[in-house]
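Engineer: need the 3D shape of this:
(chains A, B and C)
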Amino acid sequence: MSATLVADGVLVLLLLGLALRATAAADAFAAVVAFVAFGLLLALAWMRLHAGDVALTEAAIGSGVTGAVLVAAAMRLPPTLPHIPPEADPEAAFPKAMPGGAARPEVMPGWAARPKVILGEAAIRLAALLLSGLVTACLAGLVLWTTGPSHSQAATALRHLPELGLYNAVTGVLMAYRGFDTLMEKIVLLLALVGVWSLARDTVWGGRPFPAAIPAQGGAVTLIARLLPPIGIVVAVYLLWVSAEEPGGAFQGGAILAAMWLLVLLAGLRQAPLLGSRLVRWTVAVGPAIFLAAGFAGFAFPAGFLSYPPGVAKAMIILIEFPLLLSIAVILGLLVTGPAERRP
Amino acid sequence: MSSLTLFGLCAAGLIGIGLYGALVDPQPLRKILALNLFGAGTFLMFGVVSRRGADAGLGGDPVPQAMVITGIVVAFAATALAVALLLRIFQATGDTVLEPTGTGEE
Amino acid sequence: MTALPAALATAVLVTAGVVFFVAGTVGLLRFPDAMTRLHALSKADNLGLGLIVLGLLPQAASVSGALKLLAIWLLTQVAGATVTQVMARAIWRGASPPGASPSHASSSEAPRS
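Structural biologist: A predicted model of the protein is given here:
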């Protein structure tokens, strides 16, 4: 028993250490790398909390896809330092020979001006430290003070699972018990994609993401981009299929499909799609649309919106989830590649 | 001290670290990162509550777990939109600082 | 639950795997440049994980569970080999990835800030 306590203690210390590095590292890219490592260890913590579904989601979305977005951003933004001493010459802080300097934009002029407004910074830092310390202390006190078992809806969530033909309680909650949340979450993803797309300049509206076409890489990248996608597609469908009984689901599978697609794009084997094309628009909309239609179909039964008729519940859930898998994969991939940057 | 308490304290610590980073760091990308840490801590707190609600033969209460899955996805959507906005601002102004630019030339 | 020889094999193989992971991590922290660090890391990836998977095989509940463990090892091998190759090529061309700067360049170049 104490051995697991020590292991959990080490895990917690690593998590806190990586979180500190993610906020304190001088280099933005190093901070992002720390964040990705943090996410993977957090998935381990979720396993320790007996939450396999969450662990998969954290590894795939919280660490993986979010990490891809942050890495891409860190590479395109100028290198950053948390603080420049007042007398520092920007040229000295960022020597031209800095590694990776050639690949990234020049230091922006705003930085040289920053020290002038640093006056109240120490006070702000202290206030922020006190506030976050207070929040942490309150939450820690709450954790230590309340020790008993908490109110649980496990029994309620389990009650209707047999009617749905599901054995994984989390999938049951996501698809039925709180299906409305899950539907809204798809809408949020779609809205985020619309938001990202709308950031494109007018001249490239409906064009392709990435500033330039990615040339075929050759070598190991091409090999893996040809080898892995067939395996990834099988794993994604498997994750969705087992989610009826074991950890998995449309999101975890969708994230893997998205990763396979991004791999093919980054290897230069295929070009990023035209964001204005009908195929792209229909693919991102079909999953949420079917979910919504199934929700309205629930009005035909006494239970109302998003209810499944007994007997065909499992079939309906499968009918909803497979198009969702495809839509989620494409939405996640397109959120990573970002708005259009090239003319159609 | 049980493992569960340890994870609860970890969640409290993550929330503190994330909050501090989001408040203090002048770089938007780092603020986004810190907010993600804040979110991770909040989700972990849900995880501890879920585990304490282990009942009816389940390892944890599935309702908070499902909410966390939804939360992680929504947090990603917000992160992706925020990063795209930041990159567009940088593209348009050549600057990523939230303060008005050119204060040195006044 | 499992027979004693199986448990013993698991203990020995997993411990051996952990030794390779520790060695790889020490190399990652101590070796002077990026190429040798990649070399150290690949030992942990291949042999360390391989031994741990081998050690866990007797504990697998079913044949399909054992096959999944093997699949994880193979996929990690492929991914690890590719990433190592990509990073080595980037270093060779001199276009070091931005994130590599604090870790691999600090020994050869002037430390930043």
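Engineer: and the residue of the stretch 201-344 of chain A found nearest chain B, how many neighbours?
Structural biologist: Closest contact between the stretch 201-344 of chain A and chain B, by CB to the nearest CB, is at A:Leu335 (4.0 Å). Yep, even glycine has a C-beta here, placed from its N, CA and C like the rest. As a burial measure, A:Leu335 scores 26 neighbours (other CB atoms under 10 Å in any protein chain shown).
Engineer: tell me where the chain is predicted with low confidence.
Structural biologist: With no chain named, the answer covers chain A. A:1, A:80-119, A:302-304, A:310 (pLDDT under 70).
Engineer: I was after chain B.
Structural biologist: Counting by pLDDT under 70, the ranges of chain B that qualify are B:1, B:56, B:96-106.
Engineer: burial check on residue 27, number of neighbours?
Structural biologist: Going with chain A. Neighbours of A:Asp27 (other CB under 10 Å): 20.
Engineer: please refer instead to chain B.
Structural biologist: As a burial measure, B:Gln27 scores 20 neighbours (other CB under 10 Å).
Engineer: what of A:Lys186?
Structural biologist: Using other CB under 10 Å: A:Lys186 sits among 21 other residues.
Engineer: cool, A:Ala213 as well?
Structural biologist: 11.
Engineer: which stretch of helix or strand covers it?
Structural biologist: Here A:Ala213 sits in a region with no helix or strand, counting by DSSP states H and E.
Engineer: and C:Ala11, by the same measure?
Structural biologist: Assigned by DSSP H and E, C:Ala11 falls in helix C:4-30.
Engineer: going by length in residues, pull out the top helix of chain B.
Structural biologist: As assigned by DSSP state H, the longest helix anywhere in chain B is helix B:62-93.
Engineer: near chain C at all, it?
Structural biologist: No: using CB under 8 Å from any CB of the partner chain, helix B:62-93 stays clear of chain C, coming no nearer than 15.3 Å.
Engineer: what's the burial count for the closest residue to chain C within chain B?
Structural biologist: Nearest residue of chain B to chain C: B:Leu29, at 12.6 Å (CB to the nearest CB). Applying other CB under 10 Å, we find 24 residues neighbouring B:Leu29.
Engineer: doesn't A:Ala74 make contact with it?
Structural biologist: Yes: when contacts are counted by CB atoms under 8 Å, B:Leu29 is listed as touching A:Ala74 (6.5 Å).
Engineer: which neighbours do the two share?
Structural biologist: The overlap between the contact sets of B:Leu29 and A:Ala74 (CB atoms under 8 Å, 6 or more residues apart in numbering or on different chains) consists of A:Ala28.
Engineer: now the strands for the stretch 101-250 of chain A?
Structural biologist: A:208-209 (DSSP state E, counting those that start in this stretch).
Engineer: got the contact list for the closest residue to chain C within the stretch 101-250 of chain A?
Structural biologist: Closest contact between the stretch 101-250 of chain A and chain C, by CB to the nearest CB, is at A:Ala220 (3.9 Å). By CB under 8 Å, 6+ apart, A:Ala220 lies in contact with C:Ala81, C:Thr82, C:Gln85, C:Val86, C:Arg89.
Engineer: follow-up on the earlier one: you'd agree the residue of the stretch 201-344 of chain A closest to chain B is up against A:Leu193?
Structural biologist: Yes: using CB under 8 Å, A:Leu335 is in contact with A:Leu193, at 5.9 Å.
Engineer: what's near enough to touch the spatially closest residue to A:Trp205 that is not a sequence neighbour?
Structural biologist: In space, not counting the residues next to it along the chain, A:Trp205 is nearest to A:Ala340; the distance is 6.4 Å by CB to CB, 6 or more residues apart in numbering or on different chains. By CB under 8 Å, 6+ apart, the contact set of A:Ala340 is A:Trp197, A:Ala200, A:Val204, A:Trp205, A:Gly206, A:Gly207, A:Arg208, A:Pro209, A:Leu275, A:Gly276.
Engineer: and A:Ala340, its phi and psi?
Structural biologist: phi -60, psi 140 (degrees, to the nearest 10).
Engineer: A:His160 now?
Structural biologist: Dihedral pair for A:His160: phi -100, psi 0, per degrees, to the nearest 10.
Engineer: what helix or strand is the residue most central in space within chain B on?
Structural biologist: Nearest residue to the geometric centre of chain B (CA atoms, centre = their mean): B:Asn36, 2.3 Å. In this assignment (DSSP H and E), B:Asn36 forms part of helix B:28-52.
Engineer: quick one: that helix to helix B:62-93, angle?
Structural biologist: Calculated by axes from the mean of the first three to the mean of the last three CA atoms, to 10 degrees, helix B:28-52 forms an angle of 180 degrees with helix B:62-93.
Engineer: by contact count, what packs against helix B:28-52?
Structural biologist: If you count contacts as 3 or more CB pairs under 8 Å, 6 or more residues apart in numbering or on different chains; DSSP states H and E, helix B:28-52 packs onto helix A:2-24, helix A:28-48, helix A:66-76, helix B:3-24, helix B:62-93.
Engineer: could you dump those to JSON lines with distance to C:Val18 and mean neighbour count?
Structural biologist: Formatted as JSON lines, the helices and strands packed on helix B:28-52 follow (distance: least, CB to CB, whole Å; neighbours: other CB atoms under 10 Å in any protein chain shown):
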{"stretch": "helix A:2-24", "distance to C:Val18": "13", "mean neighbour count": "17"}
{"stretch": "helix A:28-48", "distance to C:Val18": "16", "mean neighbour count": "22"}
{"stretch": "helix A:66-76", "distance to C:Val18": "26", "mean neighbour count": "22"}
{"stretch": "helix B:3-24", "distance to C:Val18": "21", "mean neighbour count": "23"}
{"stretch": "helix B:62-93", "distance to C:Val18": "31", "mean neighbour count": "22"}
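Engineer: and these: which comes nearest A:Gly298?
Structural biologist: helix B:62-93 (19.0 Å; CB to CB).
Engineer: and the angle for the closest one with helix A:66-76?
Structural biologist: Using the same axes, to 10 degrees: helix B:62-93 against helix A:66-76 is 10 degrees.
Engineer: give me the most central residue, chain A.
Structural biologist: Nearest residue to the geometric centre of chain A (CA atoms, centre = their mean): A:Ile61, 3.3 Å.
Engineer: now do the same contact list for that residue.
Structural biologist: Contacts of A:Ile61 by CB under 8 Å, 6+ apart are A:Phe251, A:Gln252, A:Ala255, A:Leu332, B:Ile72, B:Val73, B:Phe76.
Engineer: the same query, at a cut-off of 7 Å, please.
Structural biologist: When the contact criterion is CB atoms under 7 Å, 6 or more residues apart in numbering or on different chains, the partners of A:Ile61 are A:Phe251, A:Ala255, B:Ile72, B:Val73, B:Phe76.
Engineer: what residues of stretch A:158-173 count as buried?
Structural biologist: Buried residues in stretch A:158-173, counted by 16 or more other CB atoms under 10 Å in any protein chain shown: A:Leu158, A:Leu161, A:Leu164, A:Gly165, A:Leu166, A:Asn168, A:Ala169, A:Val170, A:Thr171, A:Gly172, A:Val173.
Engineer: mind listing what the second one touches?
Structural biologist: In this case it means A:Leu161. Contacts for A:Leu161 were tallied using CB under 7 Å, 6+ apart; they are A:Tyr167, A:Ala169, A:Gly172.
Engineer: what do you get for A:Ile224?
Structural biologist: A:Leu263, C:Val78, C:Thr82.
Engineer: how close does the second one sit to chain A?
Structural biologist: Here the distance between C:Val78 and chain A works out to 6 Å (CB to the nearest CB, to the nearest Å).
Engineer: ok so, going back, got the angle between the helix holding B:Asn36 and helix A:2-24?
Structural biologist: Note on geometry: by the same axes, to 10 degrees, helix B:28-52 and helix A:2-24 are set 160 degrees apart in direction.
Engineer: quick check: angle from helix B:28-52 to helix A:28-48?
Structural biologist: Taking the same axes, to 10 degrees, one finds helix B:28-52 and helix A:28-48 inclined to each other by 10 degrees.
Engineer: any idea how far helix B:28-52 is from the chain center?
Structural biologist: Distance, stretch centre to chain centre, for helix B:28-52: 5 Å (CA atoms, centre = their mean, to the nearest Å).
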